[in-house]
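In: Turn this into a model:
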Amino acid sequence: MNRENKRKTFERNYYKNHPCAEPFVCSVCGRDVIPEGAGSDHRNHCPYCLSSKHLDIEPGDRAADCGGTMEPIAVWVRKHGEWAIVHRCRICGALSSNRIAADDNPMKLMSIAMRPLSSPPFPLERIEEMTRLMGGDGTLEW
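Out: Below is the predicted model of the structure:
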């Protein structure tokens, strides 16, 4: 049976206005994911590994035929301080942003947020030299 026959058919944009109440098994970490606890009617990623599936082109449209794994690559802060996860599809490279859920793994969120600081694009041993080259005196004291 091909994927198109497995997909439930609903009217266009059904998921924009209806809660996602079906539990699912995460294809990345294999854990059972239930909609309860998300703090929202729209569970769209695994609360344990924060991965998702590439289902939508526009939120809730279920129009993406890719079906690839959406890996969490970054977090960003929306208006009023709300965090969101940036996902990138491993197959087609599409990017999307999803609000964090109430039951998301806080350590996983923090590790994604800290990734740029733990792997800067320059060698930390040369930071004083680089500061001097940029017009500073090269000291890191305040």
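
In: Break down this structure into its strands, ranges please.
Out: Counting by DSSP state E, the chain has strands at residues 24-25, 32-33, 52-53, 69-77, 83-89, 95-99.

In: Which among those strands is found nearest to Glu125?
Out: For Glu125, the closest of these is strand 69-77, at 25.9 Å, according to C-beta to C-beta. Any C-beta I mention is one placed from the backbone N, CA and C, and that applies to glycine too.

In: quick check: angle from that closest one to strand 83-89?
Out: Comparing the axes of strand 69-77 and strand 83-89 via axes from the mean of the first three to the mean of the last three C-alpha atoms, to 10 degrees yields an angle of 150 degrees.

In: Just the residues contacting strand 69-77, thanks.
Out: Among residues not part of strand 69-77, those counted as contacts by C-beta atoms under 8 Å, 6 or more residues apart in numbering are 27-28, 45, 49-54, 83-91, 94, 96-97, 100, 108-109, 112-113, 115.

In: For it, C-alpha coordinates in PDB please.
Out: The C-alpha atoms that make up strand 69-77 are tabulated as PDB, following Å, rounded to 0.1, in the frame of the first residue of the first chain:
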ATOM      1  CA  THR A  69      12.300  13.800   9.300                       C
ATOM      2  CA  MET A  70      12.300  17.400  10.500                       C
ATOM      3  CA  GLU A  71      15.300  17.700  12.900                       C
ATOM      4  CA  PRO A  72      15.500  20.400  15.500                       C
ATOM      5  CA  ILE A  73      18.400  22.700  14.500                       C
ATOM      6  CA  ALA A  74      17.900  25.900  16.500                       C
ATOM      7  CA  VAL A  75      15.600  27.800  18.900                       C
ATOM      8  CA  TRP A  76      14.500  31.400  18.600                       C
ATOM      9  CA  VAL A  77      12.500  33.700  20.800                       C
END
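
In: quick check: longest helix of this protein.
Out: Of all segments of type helix in the chain, defined using DSSP state H, the longest is helix 106-118.
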